[in-house]
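**Q** sequence plus predicted model, see below.
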Amino acid sequence: MQLPARYLSFIMLLLTVIACGDQQAPTAQQQAERSQFIVAANTPLQYFAQRLLDGEIEVRMLAPEKTDPAQWLPSVGDVLQLQQAQLILLNGAGYSNWLSKVSISDSILVNTSSTVRERWIELEGQVSHSHGPTGEHAHGSYAYTTWMDMSLAQIQAKAIASALQERWPEKIEGIDRNLAALLADLNELDQGFMTAATRLRGRQLVYSHPVYQYFERRYRLPGVSLHWEPDHMPSEEHWTELQGLNSGDILFIWEAKPAAEIADRMRKLDIEFVVFAPAANQREKDWMSVQKENHARLSSK
């Protein structure tokens, strides 16, 4: 005999309730951890925290894709997330413009480069410019891409580890193990960039944006910084300026892959170029993979 539809629905609901009752309820600690999260100011800090925590605590980055996190301003919803975070990992050197505009408890703020403030690079003669959707702006009084010096990146990773261990003391041993592996990888990158840099000394280096200051200092690769966007054709005036810098052994360093028409024109002018991505807001690949690709491209020049 075929049961009416209403009885079948009741039986299915009863079986679902029984099945759910058989599952082990999450512990209070598991429930608490599921609601916990960290906010990182940029991709490198997010990557460091994720590796140190083995993914046990969510690490969010609130700046939208294709936005410079240094110039990002939080929405009302973002502010609520910032206020609810267990920790907020800051880059330091004036990186987060929103910090002075939002009410956040000092107890959850972690300035990852505060112990090396004397190594921050002070800027002089700033020029207003624009890149991306953030519009016209000038960078702060300090250069802020500290992580492009791998020795500073290691210090920032240690600062994050210390803050995580203080917040979650039960994870101290695991964080220590993960920190040792992370520092080894960062040191390997540091040595790799040192080796690649020795082949480039003496060449005329031109950087697409003034964001390479720590890289230039650490690896002794000073150059001229322009304000070129990889997806916008430079003006004729800018091309003339570049040709005036061309000593016959120029290497142009882009933050991202230039548009095809820009790349074609550089080739016609016999200007060699390479992509070296700071990866402050990287979503497609993890930060370490991007740095390894940077190293491979630089080593080929």
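**A** Nice, I can see it.
**Q** where exactly do the strands run in this structure?
**A** 37-40, 58-60, 87-90, 109-111, 129-130, 136-137, 204-207, 224-225, 250-254, 272-275 (DSSP state E).
**Q** ranking these by mean pLDDT, which is last?
**A** When the strands of the chain are compared by mean pLDDT, strand 136-137 comes last with a mean of 40.
**Q** as a markdown table, the strands of the chain with mean neighbour count and distance to residue 100 would be great.
**A** Using the backbone N, CA and C atoms, a C-beta is placed for each residue, glycine as well. Converted to a markdown table, these look like this (neighbours: other Cβ atoms under 10 Å; distance: least, Cβ to Cβ, whole Å):
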| stretch | mean neighbour count | distance to residue 100 |
| --- | --- | --- |
| strand 37-40 | 23 | 17 |
| strand 58-60 | 18 | 21 |
| strand 87-90 | 24 | 12 |
| strand 109-111 | 20 | 12 |
| strand 129-130 | 14 | 22 |
| strand 136-137 | 12 | 15 |
| strand 204-207 | 20 | 29 |
| strand 224-225 | 16 | 27 |
| strand 250-254 | 22 | 32 |
| strand 272-275 | 16 | 34 |
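**Q** for residue 88, which non-adjacent residue is closest in space?
**A** For residue 88, the nearest residue in space outside its immediate sequence neighbours is residue 39; the separation is 4.8 Å by Cβ to Cβ, 6 or more residues apart in numbering.
**Q** partners of the one you found in the sheet?
**A** residue 60, residue 88 (DSSP bridges).
**Q** with residue 142 as the reference, measure out to it.
**A** Distance, residue 39 to residue 142, using Cβ to Cβ, to the nearest Å: 22 Å.
**Q** out of the strands of the chain, which comes closest to residue 76?
**A** Set against residue 76 and scored by Cβ to Cβ, those come closest in strand 37-40, at 15.3 Å.
**Q** residues contacting the closest one, please?
**A** 46, 49, 57-62, 81-82, 84-89 (Cβ atoms under 8 Å, 6 or more residues apart in numbering).
**Q** so what's the most centrally placed residue in the chain up against?
**A** Centroid-nearest residue in the chain, with Cα atoms, centre = their mean: residue 43, separated by 2.5 Å. Shown in contact with residue 43 (Cβ under 8 Å, 6+ apart): 61, 69, 279-283, 287.
**Q** now these: which count as buried?
**A** 61, 69, 279-282, 287 (16 or more other Cβ atoms under 10 Å).
**Q** distance to residue 218 and pLDDT added to the residues you listed, as JSON lines?
**A** Formatted as JSON lines, the buried ones among the contacts of residue 43 follow (distance: Cβ to Cβ, whole Å; pLDDT from 0 to 100):
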{"residue": "61", "distance to residue 218": "25", "pLDDT": "96"}
{"residue": "69", "distance to residue 218": "22", "pLDDT": "95"}
{"residue": "279", "distance to residue 218": "16", "pLDDT": "96"}
{"residue": "280", "distance to residue 218": "17", "pLDDT": "97"}
{"residue": "281", "distance to residue 218": "22", "pLDDT": "96"}
{"residue": "282", "distance to residue 218": "20", "pLDDT": "91"}
{"residue": "287", "distance to residue 218": "17", "pLDDT": "97"}
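**Q** point out the ones among these that are inside helices.
**A** Among the buried ones among the contacts of residue 43, DSSP state H puts residue 287 in helices.
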